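> Provided below for reference: sequence and predicted model.
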Amino acid sequence: MKKLTAALLAAALCLSLSGCSVGGLFSNYREIDSLELVRTIAVDKTGDAVLATAGSGPLAEGGAPHISQAEASTLSLALEELQRKPQGREALLSHTETLLVGEDTARDGLDFVLDYAERSPDIRLKTNLVVARGSGAGELLKKAASERSSVAAALETMKDSLPASGKGCLFTCADAACALAERGCALLMAVEAAPPVEDDGAEISVAPAGLAVLKDGRLAGFLTEDETAGALLLTGCFRGMNADIEYGGARVSLHLSGAKCSLEPVFGDGRLLRADAALSVQADLDALSGSGDPNNEDWRRGAEEAVSELLCKMAVAALARSQAMDADFLGLGETLCRRAPLRFGSQCGNWAELFPRLEVRVTAGTVLRRTYDIDNPLGASGGEKEDHWNELIS
Amino acid sequence: MSLFRKKEPPAAVPEPSGPVTSARLAEVFDGCYDYERRDVRAGGCQAALCFIDGLISSNAVAELILRPLTDERRFPPALGAREAAQRILGGTVYAYTARERRDLGDAAADLLNGYCAVVFDGLRLAVTLEVKSSEKRSIDQPKEEKVVKGSKDAFIEVLKSNTALVRKKLRSPALKIRQTTIGRKTRTQAVIVYLGGFTNRSIAAEAERRLAAVDAEGVLSSAVIEENLADTPNTPFPQMLTTERPDKFCTNLLEGRVGILVDGLPVGFLVPGTFSQFFKVPEDHASHFLVASALTILRYLSAVLAVFLPAFYVAVAMYHQEMIPAKLVQSIIASRQSVPFPAAFEVLAMLISFELLQEAGLRLPNPAKETVSIIGALIVGQAAVEAKVVSPVVVIVIALSAIAGYTTPNQDLNAAFRLCRLILVILAILLGLFGLSLGCVLIVCHLASLESFGVPYMSPFAGAEGNHLLRALTRYPMKKKRDREPELGPEGK
């Protein structure tokens, strides 16, 4: 026992002689309260230099998010410089949720951003990559920061609400890198400055601005609202959206959800003739104004066809844009190849040449739901159902 | 280098031996104010009635021993010493145990066990008669192992009462109770209890051998038994289950374990002790099997929380902040903004404060205990948080770990967990998650290396099939439950 005590005492003495940094034997020891949690990093190019702006997001103890900027020849050096800036605290980059890139910088090329995201041990691959449309990323980050709001907070809200609105979808660095490697183009979420929200305290607010298309690592353009919705439908990222249609003298408000898309290659004469895209969606009736009768079978069929027509329009717009840009950002080639890998491999030849001229036929099917009304809760018309209802009540 | 010098063993005190006379007996008990001797004439010869006052019932000595002994019809004057001794042994005086003692040591031991001795100096013989005082604590409810549904009796300090409690629950001649005496000075009676033809014979024999070999001056605390009988005394993990409940004691006997009862200790010991055994409570057998199983799993999870949570917090707060979700790390940063101490000091200080509070609570009478709890935990704790001496997160972590520790049914195991928790915190402070993993591996290796009476300590987790593993983590329905534990190697049917 005495030997053990002596050994323990000796070990304790050795610890004090180890020459390690105070507090720990690991060099990565750092007190948690000495860290600044970075939530968003904005990246802009200024000539040959890179300007990195870090935003902390709303602070738990209150107050506006800390914003700090650093400029260096590379993103890595700029972030290293930035580590020392925020109020003497070390910037903790591991919790960065969004890399925001300015439009001009994105047009110049995003390879250096993706390269850094992939190689850096601090930045995670699941960090969202977003393009700031119409402005510099750092500028947007600074102007949108107030005690109550920040780009990080706005994007966090968007993360939940975007897929259900049909206005876009957040893509991560990993998504973009994979898509660029596989098909040479990728989709990214774009945001833009919008008028400030009341009582927010910020100069501007951040709003979704559709999807941005990356081609060969550079920003090639932005999709319109319809094209964005169509792209989401065809890529399986669609979670829902609200749509208004005019039909039969009535204005019908619907919520579209449960979208499915199947893409089938059609081969003939030893080559790929065309692709058939079949969309299906559930449309929940939200509101109806005018002379529509949801209990009428013919009216319902007609409304379903109108919704299908809208879906086709959006999908065709996205396909047309994709073919016009000669960028298969919808991943048509991969999907068709998965459906018939052997025939696709032998009969499609050079997909890059085939893609811009490929005929894609889009069909859509809609199921209209929530067509009941208060007068007839069982959802059908006619005296027979009314009698049945009365029976149930009695 | 006196630090490493071997200590000389203490010189053995010679035990009394030789022929019995009243004078030699008085020499043995020289300086013992409670030793009493009364000269009587029985059968026409002189005898001495010797006893230890307080250990015997004075009424019984007067009415059942002295009265018949001095009755000339029973012991006529012409009888002689030898015949008188024979009549005493034959039942002419009223004592349910009478022993003939020719050795001084045996006679002295009997006196210390509540016998009185009629010493015939001429014959160098003593007849010892059992007249134990019936003063004892009544059988009460268990103080530490309370159950809602289940028997409400508990062991007391009297060995015979304890064996009777066990015998009342296991009314079988297969229940064997073998007696031995331990402790050089205390001469404490201890018994080995097991079910003959059922319990593994080698375990029972080994327990008996180890109990007989206990080398101690006295047996006044359970640690003497636990440390002397344990395979590895240098581990903080208990290797012997202790219980104050006869029903739990008997349940374990039925599972194939060997029980040990010691006079003066109100607890029963059960060997072999296995890790999983310390997570079971008698209440499990009184609850629905699904509820009991869920609670057993919860106890294991709580143990993990109790041991690892503070160390994990220290590791991630000092080294691996990237592991914490963003919102939580933001809250922790905010809560630690004005705290002047580093996380390591904060956690260590809180752990030591908690141990202080617990120790203070244990040593105080009940009303004062509650006051200490209120002042310590509520007032000081809240004041410390408000004064920004400690962060609320650390208070939550330590409190959660402490509460989780209290769900461990066995307090010896909980004490071992507390020690491990402290060691793990120190390792985490020095090496982060690497230190925590290292500590975890060392603990698992240590546990896996332990054996209790030839049974692996970690069975059925180690060296058992999946079926047994499930048995350790859950309670089977009574219809499917097998009483005996296969890893104990029980015999017969």
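Thanks, I have the structure now. Numbering: from 1, shown residues only, chains lettered A, B, ... in the order given.
> B:Gln179 and chain A: what is the separation?
Here B:Gln179 is placed at a distance of 34 Å from chain A (CB to the nearest CB, to the nearest Å). Glycine gets a C-beta too; all of them are placed from N, C-alpha and C.
> and that residue, how many neighbours does it have?
12 (other CB atoms under 10 Å in any protein chain shown).
> Going toward the C-terminus from the helix or strand where it lies, what's the next helix or strand?
Using DSSP states H and E, B:Gln179 maps to strand B:175-182. Using DSSP H and E, the helix or strand that follows strand B:175-182 towards the C-terminus is strand B:188-195.
> Counting by contacts, list what that following strand packs against.
Strand B:188-195 sits against helix B:159-169, strand B:175-182, helix B:201-212, helix B:246-254, strand B:258-262, with contacts defined as 3 or more CB pairs under 8 Å, 6 or more residues apart in numbering or on different chains; DSSP states H and E.
> tell me what the fourth one is packed against?
Read that as helix B:246-254. helix B:159-169, strand B:188-195, strand B:241-243, strand B:258-262, strand B:268-271.
> near chain A, which residues of the stretch 251-400 of chain B?
Where the stretch 251-400 of chain B comes near chain A, counting by CB under 8 Å from any CB of the partner chain, the residues are B:317-319, B:321-322, B:326, B:329-334, B:336-337, B:339, B:342-344.
> gap between the residue positioned nearest the centre of chain A and B:Ala212?
Closest to where the C-alpha atoms of chain A average out (CA atoms, centre = their mean) is A:Leu170, at 1.5 Å. In this view, A:Leu170 and B:Ala212 are 75 Å apart by CB to CB, to the nearest Å.
> repeat for A:Ser150
The spacing between A:Ser150 and B:Ala212, counted by CB to CB, is 76 Å.
> now do B:Asn113
Taking CB to CB as the measure, B:Asn113 falls 18 Å from B:Ala212.
> how about the strands of the stretch 251-394 of chain A, start to end?
With DSSP state E, counting those that start in this stretch applied, the stretch 251-394 of chain A shows strands at A:271-290, A:359-369, listed in chain order.
> residue contacts, the residue of the stretch 251-394 of chain A found nearest chain B?
Using CB to the nearest CB, the closest approach of the stretch 251-394 of chain A to chain B is made by A:Ser257 at 28.8 Å. For A:Ser257, the contacting residues are A:Arg239, A:Gly240, A:Val281, A:Gln282, A:Asp284, by CB atoms under 8 Å, 6 or more residues apart in numbering or on different chains.
> swap the cut-off to 10 Å and go again
Neighbour list for A:Ser257: A:Ala164, A:Gly166, A:Phe238, A:Arg239, A:Gly240, A:Met241, A:Val281, A:Gln282, A:Ala283, A:Asp284, A:Arg369 [criterion: CB atoms under 10 Å, 6 or more residues apart in numbering or on different chains].
> Could you do A:Ala277 as well?
A:Ala277 is in contact with A:233-234, A:261-264, A:312, A:315-316, A:319, A:330, A:332, A:335, A:360-364, counting by CB under 10 Å, 6+ apart.
> Low-confidence stretches in chain B?
Chain B contains residues with pLDDT under 70 at B:1-14, B:463-467, B:480-486, B:489-493.
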